[in-house]
Structures are given as C-alpha cells and as structure tokens.
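Visitor: here is a sequence with its predicted model. Questions after.
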Amino acid sequence: MRDASAFGRSLLLPLFAAIMLLVPALVRADAPFIAQFASEVPAAELVPGADGYGALREDIPVVPVLKRGETEGYAYITSDFVGTTGYSGKPIHVMVALGLDGKVLGVRLVKHSEPIVLVGIPDTRIKAMAAGYVGMDLVQEAAALGSAHDLDIISGATVTVMVIDDSVVRSGLKVARALGLGGLSAGAASSGPRLEVNPEAEAPADWLTLTGDGTVRRLSLDVGQINAAFEQSEDPRAAARPHAGAPDTTFIDMYASLVSVPGIGRSLLGPDEEANLAAWLQPGDHALMLAGRGEYSYKGSGYVRGGIFDRIVLVQGDLSIRFRDRMHRRLGDIAADAAPHMTEMDLFRIPADSGFDPAQPFRIQLLVQRSVGAIEKVFTTFDLGYQLPESYLRPVATARAEAPPAATGEEAAQAQLWKRIWQDNRTGIAALLTMLGVLTAAFFFQSLVTRSARVTFWFRIAFLSTTLVWLGWMSNAQLSVVNLMALVSSLRDGFSWQAFLLDPFTFILWSSVAAALVFWGRGAYCGWLCPFGALQELTNRLAKLARIPQVTLPWGLHERLWALKYVIFLGLFGVSLASVDQAEHLAEIEPFKTAIVLKFARAWPFLLYVGVLLGIGLFVERFYCRYLCPLGAALAIPARVRMFDWLKRYRECGNPCQTCARDCMVQAIHPTGEINPNECLNCLTCQVNYRSETTCPVVIKQLKRRDAAAAATAASRDALAREISNHPNKKEKVNA
C-alpha cells in the first residue's frame, strides 16, 4: 500500500508541473486566433513564395504576408471576424490570405472538430475543398452579395462545407473592406433616413393581397427548371439522372414573410399564434415564416440528425444566418383568408445579436440536391428575394438612433443557446438527476442494499443496462479524456462556462464526478456511469453464462500493468500542451467514440480495435478499464484526496481470507487484504460478502460462536430445570 501511495505521488508531480506551465499562457486568453495559428502555419504553405509574416496589426486581427520584404497580402483567421460554429457545435478555424487586389491568395483549414472524418470522409478532401477558394475575387463577391462563386458541396458534409463557404466569403469581405483591398471600402453612411419597423402598420387580411403587395414573397420551381439547372452542372452525372415527372410538375412552391412585424404576424398567424410567437421571441429577435408545397422540402430531414437546416440560409449583404433546430417551430396553419394548403409551414427565429436588419433586403438561399451515386450528390442553389414593403417601415427617430444597440455579441447568443438547450432537454435532465440520486442513495445506504446478494446483483444489472442503453447509446453521454484536454485548453486560451453548458448531460456528469471523487473516488463513475464500462461488464456476464473460462492474471504482472493507463494519460496530457488537435487524434485509444457515440457505425480499423478489446474482456473482466483507460487514470489521480472510506473490512481480510480478492472483478484487492482506491470500481461485491452468512468465513465463524454460545446457554438451562424437578426444595429456594 505504501508503494502504491508513493507511485501516486510520483505521478502528481509531473502533472502539477505541467499545469504550472499553463499559467503564463493565461495572459494570452484574449489574443486573436491569428496570433496562434500564424506561428503554426508557415507563410510559404499558405501563400507559395512568401517569406514570412509581419507584425499583428493593432486595428484589426490580421498579419501582413511578406514576400522579399514587401507586403504581398494579409492573413487572418475566419473565426476572428465571423461566427464559424459547425455541425459539432465548435468553431471551424480557416486561415485565409487576401491579396492587395482583393483576390484570395491562400486558404487553409487549420482546426475543426467536425465528425465528418469519423463517417468516412477523409480530412484531406475537406482541406482540398477549402483550398479551392484560391483565386476568388472578393470585388465580384461584393457586387453579387456573396454569390458570384460556385459552392462545391461534399456529400455527407453539407453543413461543414456551407459553414466554411459562409465564413470565408463573409470574413473576406469584412477584411477587404476594412483594409481597402481591391478598391473596396466600408462605405459611407446612407444620406437618406434610416428606417425601422413600424409596429402600428397593418397588413391585408387576405392571401391574394399579401402576395400581391410583397408582404409574402414566393419562389416557384417546376421539374423542368430543376432539370435545366442540373444540366448546366459541371458533373455530367447530374444531367444523366433527371428528376422524374412532367416538366410543369411543381418541384417546390415556397413562400416567405417576416412575421415578427406585428401587423404581418396578426394577419398570417392569427391572434393566438401571434401571441405565442411574441412569447417565444426574445427582445430584438425577428421571425421568418416559411411555407411550402411540392415534391421537394426546404427543411429535409438532416436537421433531425444534426440540428441544422442545411437546405436554407438567410443572406443579407455579407451576413448569413443558418438556422438550427432550437431556432425553429412548426406552424399549424396560415390564418390569412383564402390561403392555399401547404404541406409544411414553419417559423424560424433570427437572433437579436445576429446583425440582421429587417428594413434591409435579404434573400433565402435554397439548396437543391440530386443523387448521382450510392452516396454522392450534386447541389445547386436558388434564391428567394425579400424586401419589406415601405408601408411597414418608418424613419428612425434621432433619440432611438443614438440608443445603444440591443445586440450583445457572440457571448449573448451562446448564453441564449445553452439556456434553450437546457430547456429543451428538461425531461432527459430530470431522468439523469434521478439516476444520480438513486446511485447516491445506494452508496450512502449501501449496508441496506448489500444485505441481499440477489437484490444487489439485479440492481447493478438494471443500472448498468440503463447506463449503456439510455445514457450511452441514446443520449451519447460518454465522458472522455478529450473533455479534460478541452478544459485545459479552455483555461489556457480563455475559459468560458458557456462553452461547457452547451452539453447539459456532460456538464451534469462531470459535476457529479467531481463531487463523487471526494466521497467515493473514481468508482462512482467508472463502475456505474461509464457506458463503455457497462458494455464490458454486461458482455462479460454473458460470457460467464456461456461458461467461457475467466483468466486471472498473476498478481505481480497485474499490478505492473496498472501503470499503463497512467503512462497513456500523462502522454496524452503532455501532447495536449503542445497540440490539442494531435492529442485528440491520439485519444482514439479510447473506444468510446466508436462503441458508444457512433454506435459502431465506423470504418473497419476502429471496429476491429473495439472488437479486440471486448473480445479480451470476455476472458479478463473489464480489461480496458484495468490497464488502458486514460480517463480512469485521470480520475484516479485526484481521487487520492477522497475524505471517506465507505468499504468495510475485517482484520482477517487478506490474512488468511482471500474470498473478496478472488471475487473482485478488477482485482483491486491486494493479497494482504487492502482495497486499492485507485483501482476499485465500487461494485459492492466485497460488501455483499462482508455481510454474507454463507460466503464470508469471518461471519460464518461468528455465527458458529453465537450458535455454540446459545447451545451452551440452553444446555445449562435444561440442566438447571432437571435439577429443580428432582429436588423440589431447591425450587422453593430458587423462587425465594
């Protein structure tokens, strides 16, 4: 036990030393992304022939790209200028170099957390797509409102590609205008009066007038138009697979209107739905109504899986807004008189801090796709333009014009987002808290739970099954050592609670783990709440039922193999200090992503790895937990400070009794009887044995002594009774 403690202290020293190395980096928390990535990406790799970068400008987060000492252009990171949140919910960082003529000199995808690579799309293909923006003329993009180029969508990565496209174009226009590249400029303020929505304006009550005066705008496409558009595609396979049906068949008939304008909302939604809309929107928000019919859906079904509506995007100047499922509500009916029947009707919320101006024109860009192979698709886009009619606008009063804007930036949007996520997951959060409450009660009152071996067994099987199926496969609440590396990276680059609050299940689990480490060590999570751990244990139970022989490693070898997971964790932690991206790739030693998050829908090498681990686990129970899990090692290190020891032992445990040591599923009990808290998973088997009248030799011996004492007492009473019956005078003396 003393050696184990010394080993734990020796592991803590390098860990604390590494953490201290992070302290100087905290002063760089507010540094722009370009300051980090300019040191990682050589200028020559971004712009061929470049010599290096100049100093970071003070007015705007860009660095000059130098060639023979002269400024060739400027480099920046898209995330320093526009929101770049992708499918994963994390930013997609793209490094862009712009020439003095306003053309793109170089593009490089420097960091992302998108799951595209996990489902078979190589990272090189996404990087090649990003590099395809080289040569794009931002002067032309400014004139065409960002639509002068062709969008190269990759099947299976629609959202990722569209976010990259949006961020490159929008940030490029912002930088080019700020620096005056290619003759672009920020532009002078309009000499005319500024306009705002007039809340007192009324809208027509009938559909015909609403569509006639521009209150409701329409995009109607038939099959012939769609086929003609794909015939012009560069991919000949698109023309070879025309959409079936007569040319005049309606492909999509889509309508749009800005229903956050009070008069329009009352006319299109009716008083009840308009009141619900007002309650849903936050101050400064706007809402767009989309309705459609025909063979093509503007929503599709991709948002169900990814949470992003990848077929529509709102574009206003160099601003684009992509809608997520939490910005969406279904609309039951259109209240306007004589409104046609629509197959889908929806409301989309436009956040207050998005920069959207309802008084300015915008367009809804519709993405249309066509399958050209088993999994490949070709895409084209169509625009539905919208301009709020003047009858709904009024000049902005001077006092209102000078008032501070309602927008509060990306932080407000993120705060609003995580609050909405928690509200939308109330049922799941309540279920998780109930699950944690049940487990906490079982630990606090374990003396009651472990009275019956049968009750303890079935309670554990039921709990582990819930952990695997609901917590793991259904909720994807599998903690990972990557979470810890993300925390360290956040502390180094600028900590924000909001980033962690976006995933309520993970946040709650980590909070409970932090508390449990003080009371019970790592066992509360590793033994009960880890979905992959539950998968290992349940498959091993089935193996035992199938009479597959179990292997017990020699104690000396077993004890030395414990160190492997600590070495793996410290290695990953060290790599993460230099490169979080590289550490995340190396963290694939964790099988959690393959077996739990992606539910085995992954390439064969990953499946083979998980299969090997589970296969070994059929013979050596919880093999991965014992020797390889870096997360378990990370939890075991701080668990050394736990304040309570709940597992009861007898003096005879280990000398001579080895019953609990033999029954321990992870061999966490030393031959001398001590339980190693770093390895114990709190399965409670030893506590069942501790009270067992048929298993524990100490309890059996105590029962025999008690029975012998009771028998001796009964015998003496019988002897006394016989003595009294033979000598009545003694009975009188005894009574006296």
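Guide: Yes, it's here. Numbers count the residues shown, from 1 in each chain.

Visitor: secondary structure class for residue 313?
Guide: For residue 313, the secondary structure call by DSSP: H, G, I helix; E, B strand; the rest coil comes out as strand.

Visitor: isn't it up against residue 319?
Guide: No - the pair residue 313 / residue 319 is not scored as a contact, 10.5 Å apart, by C-beta atoms under 8 Å. All C-beta spots, glycine's among them, are computed from the backbone N, C-alpha and C.

Visitor: alpha carbons of the host helix or strand of residue 163, as CSV, please.
Guide: Assigned by DSSP states H and E, residue 163 belongs to helix 158-179. Taking C-alpha atoms only, helix 158-179 is exported to CSV below (Å, rounded to 0.1, in the frame of the first residue of the first chain):
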residue,chain,number,x,y,z
THR,A,158,-23.1,19.6,-46.3
VAL,A,159,-23.2,21.7,-43.1
THR,A,160,-19.5,21.7,-42.7
VAL,A,161,-18.9,22.9,-46.3
MET,A,162,-21.6,25.6,-46.1
VAL,A,163,-20.1,26.9,-42.8
ILE,A,164,-16.7,27.1,-44.4
ASP,A,165,-18.0,28.8,-47.5
ASP,A,166,-20.0,31.3,-45.5
SER,A,167,-17.1,32.1,-43.2
VAL,A,168,-14.5,32.5,-46.0
VAL,A,169,-16.8,34.9,-48.0
ARG,A,170,-18.2,36.9,-45.2
SER,A,171,-14.9,37.4,-43.3
GLY,A,172,-13.1,38.1,-46.6
LEU,A,173,-15.5,40.9,-47.4
LYS,A,174,-15.1,42.3,-43.9
VAL,A,175,-11.3,42.3,-44.1
ALA,A,176,-11.2,43.6,-47.7
ARG,A,177,-13.4,46.5,-46.9
ALA,A,178,-11.6,47.3,-43.7
LEU,A,179,-8.2,47.3,-45.5
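
Visitor: next SSE downstream of it?
Guide: strand 195-197.

Visitor: list the contacts of the host helix or strand of residue 432.
Guide: According to DSSP H and E, residue 432 maps onto helix 426-444. Helix 426-444 is touched from outside by 422, 449, 459, 463, 466, 470-471, 475, 477, 504-505, 508-509, 512, 519-520, 524, 528-529, 646, 682, with contacts defined as C-beta atoms under 8 Å, 6 or more residues apart in numbering.

Visitor: let's see it at 7 Å
Guide: Outside helix 426-444, the residues that touch it by C-beta atoms under 7 Å, 6 or more residues apart in numbering are 422, 449, 466, 475, 504-505, 508, 512, 520, 528, 646.

Visitor: turn those residues into JSON lines, including secondary structure, neighbour count and pLDDT.
Guide: Formatted as JSON lines, these follow (DSSP: H, G, I helix; E, B strand; the rest coil; neighbours: other C-beta atoms under 10 Å; pLDDT from 0 to 100):
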{"residue": "422", "secondary structure": "helix", "neighbour count": "15", "pLDDT": "83"}
{"residue": "449", "secondary structure": "helix", "neighbour count": "18", "pLDDT": "84"}
{"residue": "466", "secondary structure": "helix", "neighbour count": "19", "pLDDT": "94"}
{"residue": "475", "secondary structure": "coil", "neighbour count": "18", "pLDDT": "83"}
{"residue": "504", "secondary structure": "helix", "neighbour count": "21", "pLDDT": "84"}
{"residue": "505", "secondary structure": "helix", "neighbour count": "18", "pLDDT": "87"}
{"residue": "508", "secondary structure": "helix", "neighbour count": "17", "pLDDT": "91"}
{"residue": "512", "secondary structure": "helix", "neighbour count": "19", "pLDDT": "90"}
{"residue": "520", "secondary structure": "coil", "neighbour count": "26", "pLDDT": "82"}
{"residue": "528", "secondary structure": "helix", "neighbour count": "25", "pLDDT": "92"}
{"residue": "646", "secondary structure": "coil", "neighbour count": "16", "pLDDT": "73"}
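
Visitor: now, among these, which is nearest to residue 582?
Guide: Of all these, residue 505 has the smallest distance to residue 582: 27.1 Å, by C-beta to C-beta.

Visitor: residues contacting that closest one?
Guide: When contacts are counted by C-beta under 7 Å, 6+ apart, residue 505 touches 428, 432, 475, 477.

Visitor: one more time with 6 Å, if that's ok
Guide: Going by C-beta atoms under 6 Å, 6 or more residues apart in numbering, residue 505 touches 475, 477.

Visitor: just to revisit the earlier point, by contact count, what packs against the helix holding residue 163?
Guide: Of the remaining helices and strands, those touching helix 158-179 by 3 or more C-beta pairs under 6 Å, 6 or more residues apart in numbering; DSSP states H and E are helix 138-143.

Visitor: quick one: which helix or strand includes residue 233?
Guide: Using DSSP H and E, residue 233 maps to neither a helix nor a strand.

Visitor: can you give me phi and psi for it?
Guide: phi -70, psi 150 (degrees, to the nearest 10).

Visitor: count the neighbours of it for me.
Guide: Residue 233 has 16 neighbours, counted by other C-beta atoms under 10 Å.

Visitor: which residue, other than its chain neighbours, is closest to it?
Guide: Spatial nearest neighbour of residue 233, excluding adjacent residues (C-beta to C-beta, 6 or more residues apart in numbering): residue 378 at 5.6 Å.

Visitor: what's around the one you found, how many residues?
Guide: Using other C-beta under 10 Å, residue 378 is surrounded by 21 other residues.

Visitor: helix, strand, or coil at it?
Guide: Residue 378 ends up strand, using three-state DSSP.

Visitor: still on that earlier bit, who has more neighbours, residue 313 and residue 319?
Guide: Taking neighbours as other C-beta under 10 Å, residue 313 and residue 319 compare with residue 313 leading, 21 against 18.

Visitor: ok, now which ones touch the more buried one?
Guide: Per C-beta under 6 Å, 6+ apart, neighbours of residue 313: 320, 322, 365.

Visitor: adding secondary structure, neighbour count and pLDDT, write these out as a markdown table.
Guide: Output for those, formatted as a markdown table (three-state DSSP; neighbours: other C-beta under 10 Å; pLDDT from 0 to 100):
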| residue | secondary structure | neighbour count | pLDDT |
| --- | --- | --- | --- |
| 320 | strand | 23 | 76 |
| 322 | coil | 18 | 82 |
| 365 | strand | 19 | 88 |
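
Visitor: could I get these as a markdown table with distance to residue 482?
Guide: Supplementary listing: these in a markdown table, determined by distance: C-beta to C-beta, whole Å:
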| residue | distance to residue 482 |
| --- | --- |
| 320 | 30 |
| 322 | 26 |
| 365 | 35 |
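
Visitor: of those residues, closest to residue 694?
Guide: Among the contacts of residue 313, and counting by C-beta to C-beta, the member closest to residue 694 is residue 322, at 64.2 Å.

Visitor: quick one: low-confidence ranges for the stretch 1-150 of the chain?
Guide: Regions of the stretch 1-150 of the chain meeting the criterion pLDDT under 70 cover residues 1-30, 85-89, 113-123, 145-150.

Visitor: what's the burial count for residue 232?
Guide: A count of nearby residues for residue 232, using other C-beta under 10 Å, gives 9.
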